[in-house]
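K.L.:
Fold the stuff below for me.
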Amino acid sequence: MIKSLELNGFKSIKKKHFKLKNLNILLGLNGQGKSSFIQSLLVLRQSDKLAQGELTLNGGENGLANIGTTKDALYQYSKSEGFSINLQFFGKAAYLMEFDYKIDADIFKQILDSDSCGVCKCGIDFTQSLFNNNFQYLNAQRIEPKSLNITSYSSVVDGNSIGKYGQYTAHYIELRGNEDIVFDNLLHKDSRTFDTVTNEEIINKTLINQINLWLGEISPGVNVCTTKISSDYVLLEYVFKQPNFGNTNRYKPENVGFGISYALHVVTALLSSKPGGLIIIENPESHIHPRGQAELGKLIARVAKNDVQLIIETHSDHVLNGIRVGIKNNDVNKSRVIAFYFKKIVEESEQYSKIIDIEIDQNGTLSEYPKNLLDEWSNQLSELI
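P.N.:
Next up, the predicted model:
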């Protein structure tokens, strides 16, 4: 788990030391630096020559980030040609990486404290979730709802990944849907039923059952159906519970709107979390009704109660408030949660991101209320009065 990350001269972030917790919420208007923070982690993960001091800015079609050239990655008002990342995992010493600058290059090379083989003596711990297969990243631009979804054995089985666009979610559910989820605190309240014959309690912990129950908070009665139809494609369909008749006919994802399919990726990533995992999700609220956004916030809070680290970038008051309610309801301890509010500072000679740390107390109260954080509802209401 990442204990801290200090960025010095990376994109819009002039300098900031981030003390990370289990749940880290990135807030702020568009274009304020939230994505820059996430990209700093993604480029570290996608850099397969990081041990040799090489930072890869562009991962290509199958990569996680495509920043451009060294010029695009540097804080443009920096007086030095280069930048640094100071990364520390819990229980490990901090690791400082200082990178030099070459114009128009698509990689940075580290200024190494090296041995004769050119490998950093104090190398990064590559067993951490930032670098292993206990990692999920969902980009804000997820795949559109569609019936035929591609498969990937290497991503789903070897990498335990649903893909950065959620493109392998259907395949993941098809392969792993009957496995039990790991954390009992993520079980939906309706997981318990009674066998009418034995009158014994049955708790269905399978991933597919939990996905259906949590999706039901967003679209009541929905159930996910997956069918592998070839080595290349999985069919994804939805049915809805129909009182007295079981279920409705199967519906194509294209015919039930964006919200259910977008939520499916997020809920699957959260429920499939495992001890030591790292989950990064951009805009979990996309295309989802406000009530569903709040329920996602509560589920996110529950995940953070476990040995899991989450980085959630959101523009939704409802997601944030769902997390705050989760803290008040003891779904997660306040000490495990922190928010970072990103705000662009424009001065005569430079522009940069100012990041404000926001703690949340046991009642869900924020330690800071920066302008434009949660006041848009009242702003618009005052225009109507």
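K.L.:
so what's residue 13 closest to, chain neighbours aside?
P.N.:
Excluding the flanking residues, the one nearest residue 13 by CB to CB, 6 or more residues apart in numbering is residue 7, at 4.7 Å. Any C-beta I mention is one placed from the backbone N, CA and C, and that applies to glycine too.
K.L.:
Provide the secondary structure category for that neighbour.
P.N.:
The three-state label given to residue 7 by DSSP: H, G, I helix; E, B strand; the rest coil is strand.
K.L.:
these two touch, right, it and residue 41?
P.N.:
No: with contact taken as CB atoms under 8 Å, residue 7 and residue 41 are classed as non-touching, separated by 10.1 Å.
K.L.:
who's more crowded, the two?
P.N.:
residue 7 (25 against 21; other CB atoms under 10 Å).
K.L.:
need the helices for this structure, in chain order.
P.N.:
Listed in chain order, the helices found in the chain under DSSP state H are 34-46, 70-73, 153, 169-176, 207-215, 258-271, 290-304, 317-328, 376-384.
K.L.:
Export those helices to TSV and append columns for mean pLDDT and distance to residue 225.
P.N.:
As requested, those are exported to TSV (pLDDT from 0 to 100; distance: least, CB to CB, whole Å):
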stretch	mean pLDDT	distance to residue 225
helix 34-46	96	33
helix 70-73	93	43
helix 153	93	21
helix 169-176	97	9
helix 207-215	97	9
helix 258-271	96	12
helix 290-304	96	20
helix 317-328	96	28
helix 376-384	69	38
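K.L.:
List the contacts of the residue nearest to residue 13.
P.N.:
Neighbouring residues of residue 7 by CB atoms under 8 Å, 6 or more residues apart in numbering: 13, 15-16, 18, 36-37, 40, 83-85.
K.L.:
As JSON lines, these with neighbour count would be great.
P.N.:
Putting the contacts of residue 7 into JSON lines (neighbours: other CB atoms under 10 Å) gives the following:
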{"residue": "13", "neighbour count": "22"}
{"residue": "15", "neighbour count": "16"}
{"residue": "16", "neighbour count": "20"}
{"residue": "18", "neighbour count": "21"}
{"residue": "36", "neighbour count": "19"}
{"residue": "37", "neighbour count": "24"}
{"residue": "40", "neighbour count": "22"}
{"residue": "83", "neighbour count": "25"}
{"residue": "84", "neighbour count": "17"}
{"residue": "85", "neighbour count": "22"}
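K.L.:
Make TSV from those residues and add distance to residue 144 to it.
P.N.:
Output for those, formatted as TSV (distance: CB to CB, whole Å):
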residue	distance to residue 144
13	32
15	39
16	35
18	33
36	27
37	27
40	29
83	36
84	39
85	34
